[in-house]
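Peer 1: Fold the following for me, if possible:
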Amino acid sequence: MRTFSKEHYEITQDKDFFYLYGKEEIKDNLENTNIKYNIDLIIEEYCEYCGFLINEIKGYKKPIELSTARLVLISSLYDTYKPTYKELGSYFSNRDHSTIIYDIDSAKGLVETRFPKAIHYKKIADKIISKYQLNL
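Peer 2: Below is the predicted model of the structure:
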């Protein structure tokens with residue numbers, strides 16, 4: 001094990017992992033970077049698979065099929081990655097936290113009432129997310 005001192009912090013290399021003020025800080029930074037990258041890829045693949053443009057899914061248009069797909073994707077991303085509402089909203093035209101909360105609740109209601117399109121989009125979202133899911 002090697003230790004390097006530099007001003008206010010100490011970096012320690014232990015096998016393949018670096019520690020900066022303890023491993024949690026670096027682990028959090030690595031996970032956040034990977035999660036952001038994964039969410040962008042998930043949105044891109046989801047749009048491609050469902051036949052929507054990325055700016056349509058991220059935007060505010062309200063045709064029923066588009067809004068259902070958007071709600072289900074937001075809900076699935078939240079259930080998997082547990083970002084803050086603000087972080088999740090930043091991927092969807094900077095929606096505020098209350099809109100994200102409403103979207104998540106709406107999507108769960110659509111799936112629970114067995115709305116066919118919601119169930120269809122939920123299966124697509126879950127399949128794509130599982131492909132990119134990290135071992136957190």
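Peer 1: my read: Ile57 touches Thr68, true?
Peer 2: No: under the criterion of C-beta atoms under 8 Å, Ile57 makes no contact with Thr68, lying 11.1 Å away. No exception for glycine: its C-beta is placed from N, CA and C like everyone else's.
Peer 1: ok, and for the host helix or strand of Leu73, which residues are buried?
Peer 2: Using DSSP states H and E, Leu73 sits within helix 64-81. Buried residues in helix 64-81, counted by 16 or more other C-beta atoms under 10 Å: 66-78, 80-81.
Peer 1: any idea which of these is closest to Thr99?
Peer 2: Proximity of those to Thr99 (C-beta to C-beta) peaks at Ile74, which lies at 9.3 Å.
Peer 1: which residue ranges form the helices in the protein?
Peer 2: 23-50, 54-58, 64-81, 85-90, 97-112, 116-132 (DSSP state H).
Peer 1: pLDDT averaged over the last one - what is it?
Peer 2: Along helix 116-132, the predicted local confidence has a mean pLDDT of 94.
Peer 1: Check the third one too.
Peer 2: Helix 64-81 carries an average pLDDT of 95.
Peer 1: Residues touching it, excluding its own?
Peer 2: 35, 38-39, 42-43, 46, 50, 52, 56-57, 61, 83, 88, 91-92, 100, 103-104, 106-108, 110-111, 115, 117-118, 121-122, 125-126, 129, 133 (C-beta atoms under 8 Å, 6 or more residues apart in numbering).
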